[in-house]
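In: no sequence for this one, just the structure:
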């Protein structure tokens, strides 16, 4: 029987490079591909900040492919990345939400676009260097489970992958710790064995989101009012793209004590601020719901799980109820801090990703 063919998304980093090696050792016919997503070759400042898909990524990935003796190609996904990630990022901030562009990139670029193009050239699977594992459950559904190393777990940003995408995906790195991956890279002489990890948002290397949005739109966001929950005006803000729920730094308000962003109101251009205890919520609402380990809930059906409301959140017990065609609500027995519209809520049960959605607000 012919060996299965797999396209490995190679970022030029150690994780995806070792993924390609492990799959070749396992007997797969491996093809290396780097996804060209940068918008302007003059904008290669990302190289200095660990960007995962810039020009140096191509050179590093090409050297690794040559070392492993596998075919290597660069595929252009600039249009898809612009539409599904960069434009989405800008639009969400302008509407007072705080997006996670890595989730959008995974769902629509690294999987949907890369998978379709890979299948078109005869591949059976795509593979990545993510620290996560894929399993098929007794109920027949595919699901992502935590990697063996919690310190590098990347399941949160993968919750929206579809059953079809999961059935066609391999994640060999999820069975190893980061130290083990670097050790494998050293032992086989990979030139990227000690390359630093890529940063979280590759297209905003200085982490100045507001300035990036101004450059992209050619517009400076209008100043507006800081207000209390009761509506009292207490100051002037620089534009809503500068703020996110839970933020306390950079508010520059003469309150005499620390205050926090509670809400962003794009329709009135107001940023609501208040006390620390007001940042906590009993629950949240979410839409754009994805189901992974479990089949879609019936309207009114509920289930218990652990939920993460941002990448760095350790997770909290909650009860999820489907409340509409594409809406759920989550109730937490213990309040959670900074429920942020635009961020993802991801549900875990028995070590697997059960599903998730995009937070629309607090209950």
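Out: Looks like it arrived, so ask away. Predicted model, so just to flag it, every value in this text is computed and none were measured. Numbers count the residues shown, from 1 in each chain.
In: In contact with residue 295, which residues?
Out: Remark: with contacts taken as Cβ atoms under 8 Å, 6 or more residues apart in numbering, residue 295 is in contact with 139, 141. The C-beta positions use only the backbone N, C-alpha and C, and glycine is treated the same way.
In: Helix, strand or coil: sort out it for me.
Out: Assigned state for residue 295: coil (three-state reduction, DSSP: H, G, I helix; E, B strand; the rest coil).
In: Next: residue 330.
Out: strand.
In: can you check residue 104 too?
Out: Assigned state for residue 104: helix (three-state reduction, three-state DSSP).
In: was I right about it contacting residue 90?
Out: No. The pair formed by residue 104 and residue 90 falls short of the contact definition of Cβ atoms under 8 Å, at 11.9 Å.
In: List phi and psi for residue 183.
Out: Torsion angles at residue 183 (phi, psi; degrees, to the nearest 10) stand at phi -60, psi -40.
In: Next: residue 189.
Out: phi 70, psi 30.
In: Could you check how far it is from residue 57?
Out: 20 Å (Cβ to Cβ, to the nearest Å).
In: and if you look at residue 80?
Out: Between residue 80 and residue 57 the distance is 17 Å, computed by Cβ to Cβ.
In: ok, the two, which is more surrounded?
Out: Neighbours per residue, other Cβ atoms under 10 Å: of residue 80 and residue 57, the larger number sits with residue 57, 29 against 18.
In: Tell me if the more buried one really is in a helix.
Out: Yes. Remark: residue 57 belongs to a helix, assigned using three-state DSSP.
In: residues touching it, list them.
Out: Remark: with contacts taken as Cβ under 8 Å, 6+ apart, residue 57 is in contact with 11-13, 34, 51.
In: one more time with 6 Å
Out: Contacts here follow Cβ atoms under 6 Å, 6 or more residues apart in numbering; on that basis residue 57 touches 11-12, 34.
In: next one: residue 208
Out: By Cβ under 6 Å, 6+ apart, residue 208 has no neighbours at all.
In: Flag the helix or strand of the protein with the lowest per-element mean pLDDT.
Out: Across the helices and strands of the chain, the lowest-confidence element by mean pLDDT, DSSP states H and E is helix 55-68, at a mean of 89.
In: Quick one: list the elements packing against the helix or strand following that one.
Out: Along the chain past helix 55-68, the next helix or strand (assigned with DSSP states H and E) turns out to be strand 72-76. Taking 3 or more Cβ pairs under 6 Å, 6 or more residues apart in numbering; DSSP states H and E as the contact definition, the neighbouring helices and strands of strand 72-76 are strand 29-36, helix 55-68.
In: Pull out the buried residues from strand 72-76.
Out: The neighbour-count criterion (16 or more other Cβ atoms under 10 Å) identifies 72, 74-75 as the buried residues of strand 72-76.
In: Averaged pLDDT, it. What do you get?
Out: When pLDDT is averaged along strand 72-76, the result is 93.
In: Between the helices and strands packed on strand 72-76, which one is closest to residue 142.
Out: Residue 142 sits nearest to strand 29-36 of all those, at 21.7 Å, using Cβ to Cβ.
In: so which of the helices and strands packed on strand 72-76 is the most packed in?
Out: strand 29-36 (a mean of 23; mean count of other Cβ atoms under 10 Å).
In: Just want the angle from that one to helix 55-68.
Out: Put simply, strand 29-36 runs at 170 degrees to helix 55-68, going by axes from the mean of the first three to the mean of the last three Cα atoms, to 10 degrees.
In: tilt between strand 29-36 and strand 72-76?
Out: Computed with the same axes, to 10 degrees, the direction of strand 29-36 lies at 40 degrees from that of strand 72-76.
In: In the sheet, which strands lie alongside strand 29-36, parallel or antiparallel?
Out: According to DSSP bridges, the neighbouring strands of strand 29-36, each with its direction, are strand 5-9 (parallel), strand 72-76 (parallel).
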